[in-house]
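Peer 1: what's the 3D shape of this:
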Amino acid sequence: METTARDVSRFLACDVFAQGNRGLSESCGRLLFSALPAYMNGMAADQNGHSERVKELVRQHWNRRAADFDLEASHGLLTDAQAHAWRRLISDLAGAVPLDVLDIGCGTGFLSLLFAAERHRVTGVDMAPTMLARARDKAKAQGLVIRFVEADAETLDLAAASQDLIVERHVIWTLPHPETALDTWRRLLRPGGRLLMIEGHWGPAERRDEYNRIYDCLPLFGGRPEAEMAALVRAHGFASVGVEPLMDPELWTEPPGHPRYIVTARA
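Peer 2: Numbering: from 1, shown residues only. Sure, this is the predicted structure:
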């Protein structure tokens, strides 16, 4: 389907917050596209200041879920076999030389803890303070030194060219401006630094809690097929973009019910 300027205008005009409790699906149609149009220029959720209110609902959602977040196999390590599978994957991806690693949308510290255990210098950022509190507690309990920072994944106030490796796991779909985030992440990487994105494509059917109100302001809600996610990363200046499946049942404690993969790229 060809996406037109009229489609984008209709998308930008969505006014879920001004309409009280009406769901976003009542306020504007779902904009579907195989790749983000260049003329969106990061504006999808900014009409009438919606972006910050969308982000606030995202923050509320993950703050509320922090208490039991680690109990799901997609979020925590539930078995010894799963923990071993993830440690092996992280070791293979990062290598033996200690790196400056930035874990974006770190949540309760899943990736941060794994990388720090491999002796990398890790900074974890998340916009949900309750998630970060749990991450700090887990790092302390494991004797790991990790810097955790409350921050917006799209506009990180960190030094340019300060990171060797940026990782994210099931994060980019939560952002109203994924294209802005990718530009920010590329700026933070040193020349030749790497981006690792652990993502999937589960589709738009599941709209839990706060997301039922804002899913239409999240361009990548429901994930994307691996080829589309790779094309988006490539379109924002990354090189050597590749994709590998993450369908090993040991990573998730059972065979995945939808496509899971990792996008790798270099700045």
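Peer 1: can you tell me what sits against the longest strand belonging to the chain?
Peer 2: Determined from DSSP state E, the single longest strand within the chain is strand 189-200. By C-beta atoms under 8 Å, 6 or more residues apart in numbering, the surrounding residues in contact with strand 189-200 are 93, 161-170, 172-173, 185-186, 223-224, 226, 229, 233, 238, 246, 256, 258-267. From N, CA and C alone the C-beta is placed, and that goes for glycine too.
Peer 1: state the distance from the residue positioned nearest the centre of the chain to residue 267.
Peer 2: For the chain, the residue sitting closest to the mean C-alpha position, by C-alpha atoms, centre = their mean, is residue 171 at 1.4 Å. Look at residue 171 and residue 267: by C-beta to C-beta, to the nearest Å, they are 18 Å apart.
Peer 1: next SSE after the longest strand of the chain?
Peer 2: As assigned by DSSP states H and E, the chain's next helix or strand after strand 189-200 is helix 211-214.
Peer 1: mean confidence for that next one?
Peer 2: For helix 211-214, mean pLDDT rounds to 83.
Peer 1: in the following helix or strand past that helix, what's buried?
Peer 2: Next helix or strand after helix 211-214 toward the C-terminus (DSSP H and E): helix 226-235. By neighbour count on 16 or more other C-beta atoms under 10 Å, the buried set for helix 226-235 is 226, 228, 229, 230, 232, 233.
Peer 1: shaky segments in this protein?
Peer 2: 1-49, 73, 205-206 (pLDDT under 70).
Peer 1: please, where are all the helices along it?
Peer 2: With DSSP state H, the ranges of helices along the chain come out as 5-12, 24-27, 50-65, 80-94, 110-117, 129-142, 178-188, 211-214, 226-235, 249-252.
Peer 1: what does the fifth one rub up against?
Peer 2: Residues lying outside helix 110-117 but in contact with it, judged by C-beta under 8 Å, 6+ apart, are 70, 75-77, 86-87, 90, 94, 101, 103, 106, 122, 124, 135, 138-139, 142, 144-146, 148, 167, 169.
Peer 1: isn't residue 104 right next to residue 125, touching?
Peer 2: Yes: assessed by C-beta atoms under 8 Å, residue 104 is found in contact with residue 125 at 5.8 Å.
Peer 1: quick check: neighbours shared by those two?
Peer 2: Residues touching both residue 104 and residue 125 (C-beta under 8 Å, 6+ apart) are 153, 156.
Peer 1: those two: which has the busier surroundings?
Peer 2: residue 104 (26 against 22; other C-beta atoms under 10 Å).
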